[in-house]
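Undergrad: Prediction below, plus the sequence it came from.
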Amino acid sequence: MTRAEEFEELRPLLFSIAYRILGSVSEAEDAVQETWLRYEASPTPPASAKAFLSAVVTRISIDVLRSARVRREEYVGPWFPEPLLSDPYEDPERSAELADSLSMAALLLLERLSPLERAVFVLREVFGFGFPEIASAVGRSEAACRQLAVRARRHMDAGRPRFEADRRRREELAERFFDAFREGDVDGLRALLAADAQLVGDGGGKAPQWKPVFLGAENVGRVLATLVPLFVRLGGVVEQHQVNGQPGAIFRDPDGRVLSTWALDVLDGQIQTIRTVINPDKLRHMGPVADTWAALREASQIRRPAD
């Protein structure tokens, strides 16, 4: 097997590691590309391509994350990861860890960790790497990595998100929610919200939004009552998808351009949290992105149909 073939075989794993450390599709893709350049330039083949490449992409991702932290501190409004529709890496033996670690809630929890803690947690708890491999990847002793893992696990366990255990029930409730949205059934949407539901949007100051967070079913319901008729009159399309391993959807304008993504946290048969990504910079990897300001103006100018 050539180096290029070895690398392509491991690319899904490398991207999945980088994405969980960085929370960014574009930055993860860049980290994987830089990993290939370093692998291609290395004079001697490593004993284990998987161990070598995983270590390289981890070190690159840690460096990128350290510089990204400064930008995120200056970010306008809530910061969310770039939405990911499907994880390219699959491992039946670790499917639960892979799915749980991909959710928006889990990735936001990872943001509380230091870059080293985050990398160690991802390699150990998500991908099941041994401590000798992790130590090599992050440039710390095995003992130090064990301590980092304990600290990271403690932080993650303290805030671990809870989801509906039955994935089929999650999807069924999401389908009812998005069907009601398409039909303009605001009462139907309200009926699916938990009493303490919240709607949180990441616009990054680059898209229209009323305010970053709405708390409580009544307030979320008011937002939906304003938003849904505008979207229906515009002729927008709700395209149901898994978003970061959770039920969600891509919202498109009539020409198919991406307006936003929505991801739902479902528990006890109700929607607990709606997370929307509206920042166009975080949607470009999904294809052409709509001008949400223009879409909002257009929808506002369309007359309501006569009763």
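TA: Looks like it arrived, so ask away.
Undergrad: Only C-alpha atoms from now on, for both contacts and neighbour counts.
TA: Will do.
Undergrad: From Glu298, how far off is the residue nearest to Leu224 when sequence neighbours are not counted?
TA: Excluding its sequence neighbours, the residue lying closest to Leu224 (Cα to Cα, 6 or more residues apart in numbering) is Val186, at 6.7 Å. Using Cα to Cα, to the nearest Å, Val186 is found at 21 Å from Glu298.
Undergrad: the more surrounded of the two?
TA: It is Val186, of Val186 and Glu298, that has more neighbours when counted by other Cα atoms under 10 Å, with 21 against 13.
Undergrad: Quick check, the more buried one in contact with Phe177.
TA: No: contact criterion Cα atoms under 8 Å: Val186 and Phe177 do not qualify, at 9.7 Å.
Undergrad: which residues does the closest residue to Ala152 other than its chain neighbours contact?
TA: The shortest distance from Ala152 to any non-neighbouring residue, by Cα to Cα, 6+ apart, is to Glu117 (5.6 Å). Each residue near Glu117 by Cα atoms under 8 Å, 6 or more residues apart in numbering is listed here: 148-149, 151-152.
Undergrad: Let's see the pLDDT reported for the residue nearest to Leu224.
TA: pLDDT, Val186: 94.
Undergrad: One more: Glu172?
TA: You'll see Glu172 listed with a pLDDT of 95.
Undergrad: related to what we said a few turns ago, please give the element, helix or strand, for the residue nearest to Ala152.
TA: Element membership of Glu117, judged by DSSP states H and E, is helix 115-121.
Undergrad: got it, and Glu175?
TA: Assigned by DSSP H and E, Glu175 falls in helix 167-183.
Undergrad: Okay, buried residues for that helix please.
TA: For helix 167-183, burial by neighbour count (16 or more other Cα atoms under 10 Å) applies to 170-171, 173-175, 177-182.
Undergrad: what packs against that helix?
TA: Here helix 167-183 touches helix 186-190, helix 217-234, strand 237-243, strand 246-252, strand 258-267, going by 3 or more Cα pairs under 8 Å, 6 or more residues apart in numbering; DSSP states H and E.
Undergrad: closest one to Asp157 among these?
TA: Nearest to Asp157, of all the helices and strands packed on helix 167-183, is strand 258-267, at 17.7 Å by Cα to Cα.
Undergrad: For that closest one, name the packing helices and strands.
TA: Partner elements for strand 258-267 (3+ Cα pairs under 8 Å, 6+ apart): helix 167-183, strand 237-243, strand 246-252, strand 270-277.
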